[in-house]
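*Asks:* build me a structure from this.
(chains A and B, ligands or ions: 2)
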Amino acid sequence: MATQTAYFPGCSLKTVDRAYDVSTRIIARDLGLNLVEVQDYACCGAGELKGEGLKSHFLPGRNLGHLLEQGQSEVMVSCNVCYHELSRTAYAWSQDPKTAQAINGMLESVGEPPVNRRPSVRNTLEYLVSVVGLESIGQKVKRPLSGLKVAPYYGCLYHRPGQMVSSIQIAGEDTEHPHFMHDLLSVLGATVVSHPAETTCCGGKNLLSDERLAGKLTGRILSQAKESGADVLSLMCPKCAGGLDALQFRAIQEAGEAARLPVMYYTQLIGIALGHSAEEVYVGDMESRALELIRRMIPSDQGTLIEK
Amino acid sequence: MAKGAGIVERSLVSDDQIMEFDNLVMDGIDISGRWNTMLKSRVHGERDWQAWDEVRQNLVGTSIDNCIQCGLCTAGCTVGHEVPEFNPRQFIYWVKIGRTEELKKNADVVWRCVGCYNCTHHCPKGVNTAEVIEVIGQWLRKTVPNRMDPAYHANHRSYRHRLQTGGRLSLPVLQAEFLRELGRQRELMGPEFKKVAIKMLRDGRAIKTLMIGRPRHWSKNRKVLSEMEG
Ligand code: SF4
Ligand code: SF4
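*Replies:* Ligands and ions are numbered 1, 2, ... in the order given. So this is what the prediction gives:
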């Protein structure tokens, strides 16, 4: 029987990062999840309004209110930024009745539905591991990623701060050394390459305004993953993708050719392992040379085994 | 040798606080050499509680009260490792003892926080350090905007403008607006951006981006955001 859960894609996934959205939906269907999209979404705030005090909870609160109004109380989120914003507001709401009241006052003043209970905000990665389960994902693998050396990259917002982000609280993920993506990739048959930059920051918040620092930070992540032997960096956040994939040329400007590395969303890698073609999960949307890599690894999309 | 090179945590001491002498005799004793560097004694002038008041009355800033100045936030700070003057523990200290002059001197450093939450995550006292630093940055933006990089302002304004008018973010539009604010719109025609733009036109993402739409009742909703600072 299909498990039903609400799903929040957000602005990036609805537009330029459709690869993350489509691959999430495809693998959810394969794995028996019935995703119900949160209607009439607004931007989550993109991490930009956190200094605005109470107002920083308006946009996430509006989305949570709509979720609850749809009769759902749990939402799966792929984008780490949206996930963090929604978790943060759900947490603030639950910590202090006065804050909860103030958030609802703000929502009601413009005719939006209130947040009348604490919704459970879950990161897709955590949801796949703890609800679907590694074993049943493993059973569905049609095309093991054998021979593909994948470096997991979590970034920041998936697991920090541990007391606030709800998936960590629910699933007991390790906040110092997260491993759910490692676990998932090994079930797909990939060779998981650990590296020192798995949870270092990509500087995404100041990707536009502090180009050089962002280039330095992304350059370090890419080159450390590559130095550890990775063929591809596996990520879970469109903001990280901005710096590590779309603007990889800046990382290369700062760190040299050592920072040139294919980058993909982990959901795309799952999609490939479940038998989908590179086109179906939009590998070609990545700016780095991910498509070349996948084509090389799977000589024909019909192939059942990846070989080098 | 650089001025004050032997001082531990040199980045915490500004140049004008350091006195160095080639030859120095004090009370008839020659102390030239190793002992020739001194710090001026610090005299605190007027204390100024503006920043303190601002941070504490902000919902996300109140946790500053709990800070015990242990420095764990700074030990693991992403930006602190790259920019020696970036020191969240010290920023909090200046707010708490009313030395806003020091904060203002560092206005162009404070905003560089990348919001990685290493600090909040490791703070033993439950300070939401990342967001406290964000609020301090906002106070500086209101107080000494001219001391901050134009790129910071452009980022601040274009995000808010996009969010207020559209309720949703179209990243290519945001980026174009950011560059236009800085008078750098020509970069959009540079080879890297052009390549991406052509690709997105061909593969359908440009259309998706233009069709992003608005949330319902946005003209009413946006009032909440338009009352925001900036
Ligand atoms: S870790 Fe917390 S208590 Fe320690 S200096 Fe930083 S904010 Fe203050
Ligand atoms: S959130 Fe900002 S202050 Fe905190 S550790 Fe990261 S860069 Fe440093």
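
*Asks:* quick one: list the elements packing against the lengthiest helix in chain B.
*Replies:* Selection of the longest helix in chain B by residue count, based on DSSP state H, yields helix B:150-166. With contacts taken as 3 or more CB pairs under 8 Å, 6 or more residues apart in numbering or on different chains; DSSP states H and E, helix B:150-166 sits against helix B:129-143, helix B:171-181, helix B:218-226. C-betas here are computed from N, CA, C, even on glycine.

*Asks:* okay, the ones you listed, which one's buried deepest?
*Replies:* Each of the helices and strands packed on helix B:150-166 was scored by mean neighbour count; the highest is helix B:129-143, a mean of 24, by mean count of other CB atoms under 10 Å in any protein chain shown.

*Asks:* pLDDT (mean, whole number) over that helix?
*Replies:* What helix B:129-143 shows for mean pLDDT is 96.

*Asks:* check stretch B:156-167 too.
*Replies:* Mean per-residue pLDDT for stretch B:156-167: 95.

*Asks:* buried stuff in that stretch?
*Replies:* Neighbour-count burial for stretch B:156-167, counted by 16 or more other CB atoms under 10 Å in any protein chain shown, picks out B:156, B:158, B:159, B:160, B:162, B:163, B:164, B:166, B:167.

*Asks:* of all the residues you listed, which comes closest to ligand 1?
*Replies:* residue B:156 (24.0 Å; CB to the nearest ligand atom).

*Asks:* what does stretch B:212-229 contact?
*Replies:* A:11, A:14-15, A:40-42, A:49, A:52, A:55, A:58-59, A:62, A:106, A:109-112, B:138, B:142, B:160, B:163-168, B:170 (CB atoms under 8 Å, 6 or more residues apart in numbering or on different chains).

*Asks:* to clarify, my last question referred to stretch A:170-178.
*Replies:* Here stretch A:170-178 makes contact (CB under 8 Å, 6+ apart) with A:120, A:122, A:126, A:129-130, A:154, A:158-160, A:162, A:167-168, A:179-180, A:198-199, B:121.

*Asks:* at 7 Å what do you get?
*Replies:* The contact list for stretch A:170-178, computed with CB atoms under 7 Å, 6 or more residues apart in numbering or on different chains, reads A:122, A:126, A:130, A:154, A:158-160, A:162, A:167-168, A:180, A:199, B:121.

*Asks:* buried subset of the contacts of stretch B:212-229 as a PyMOL selection?
*Replies:* In PyMOL, a selection of the buried entries from these looks like this (16+ other CB under 10 Å):
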select buried, (chain A and resi 11+14+15+40+41+42+49+52+55+58+59+62+106+110+112) or (chain B and resi 138+160+163+164+166+167+168+170)
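
*Asks:* filter the contacts of stretch B:212-229 by proximity to ligand 2?
*Replies:* The overlap between the contacts of stretch B:212-229 and the neighbours of ligand 2 (CB under 6 Å from any ligand atom) is empty.

*Asks:* so which residues of chain B form helices?
*Replies:* Under DSSP H, chain B gives helices at B:50-57, B:72-75, B:88-96, B:100-105, B:107-110, B:118-122, B:129-143, B:150-166, B:171-181, B:191-203, B:205-210, B:218-226.

*Asks:* for ligand 1, see how far away residue B:221 is.
*Replies:* Applying CB to the nearest ligand atom, to the nearest Å, the value for residue B:221 to ligand 1 is 34 Å.

*Asks:* brain fart, residue B:125
*Replies:* Distance, residue B:125 to ligand 1, using CB to the nearest ligand atom: 4 Å.

*Asks:* what sits against the residue lying farthest from the centre of chain B?
*Replies:* Distance from the C-alpha centroid of chain B, by CA atoms, centre = their mean, peaks at residue B:28 (48.2 Å). Residues in contact with residue B:28 (CB under 7 Å, 6+ apart): none are found.

*Asks:* would you mind naming what in chain B lies close to ligand 2?
*Replies:* Within chain B, the positions adjacent to ligand 2 are B:77-80, B:88, B:113-119, B:129-130, B:133 by CB under 6 Å from any ligand atom.

*Asks:* switch to 8 Å and redo it
*Replies:* Residues of chain B found near ligand 2 (CB under 8 Å from any ligand atom) are B:73-74, B:76-80, B:86, B:88, B:112-120, B:129-130, B:133.

*Asks:* tell me the predicted confidence for the residue farthest from the centre of chain B.
*Replies:* Predicted confidence (pLDDT) for residue B:28: 86.

*Asks:* give me the distance between it and residue B:56.
*Replies:* As judged by CB to CB, to the nearest Å, residue B:28 and residue B:56 stand 52 Å apart.

*Asks:* same question for residue A:253.
*Replies:* Look at residue A:253 and residue B:56: by CB to CB, they are 42 Å apart.

*Asks:* who's in contact with the residue nearest the centre of chain B?
*Replies:* Nearest to the mean C-alpha position of chain B, by CA atoms, centre = their mean, lies residue B:111 at 1.4 Å. When contacts are counted by CB under 7 Å, 6+ apart, residue B:111 touches B:137, B:148, B:152.

*Asks:* adding distance to ligand 1, write these out as a markdown table.
*Replies:* Shown next, in a markdown table, are the contacts of residue B:111 (distance: CB to the nearest ligand atom, whole Å):
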| residue | distance to ligand 1 |
| --- | --- |
| B:137 | 15 |
| B:148 | 23 |
| B:152 | 23 |
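
*Asks:* out of these, who's nearest residue A:227?
*Replies:* Distance to residue A:227 across the contacts of residue B:111 (CB to CB) is lowest for residue B:152, with 32.8 Å.

*Asks:* wouldn't that closest one be in contact with residue A:206 here?
*Replies:* No - contact criterion CB atoms under 7 Å: residue B:152 and residue A:206 do not qualify, at 8.3 Å.

*Asks:* near ligand 1, which residues of chain B are found?
*Replies:* So far as CB under 8 Å from any ligand atom goes, chain B lies against ligand 1 at B:64, B:66-74, B:88-89, B:92, B:119, B:122-127, B:129, B:132.

*Asks:* if you set the cut-off to 6 Å instead, what comes out?
*Replies:* Neighbours of ligand 1 within chain B, by CB under 6 Å from any ligand atom: B:67-73, B:89, B:92, B:123, B:125, B:127, B:129.

*Asks:* wait, what's in contact with the residue in chain A that ligand 1 sits nearest to?
*Replies:* Taking CB to the nearest ligand atom, ligand 1 has its nearest neighbour within chain A at residue A:161, 11.4 Å off. Counting by CB under 7 Å, 6+ apart, residue A:161 touches B:117, B:120, B:121.
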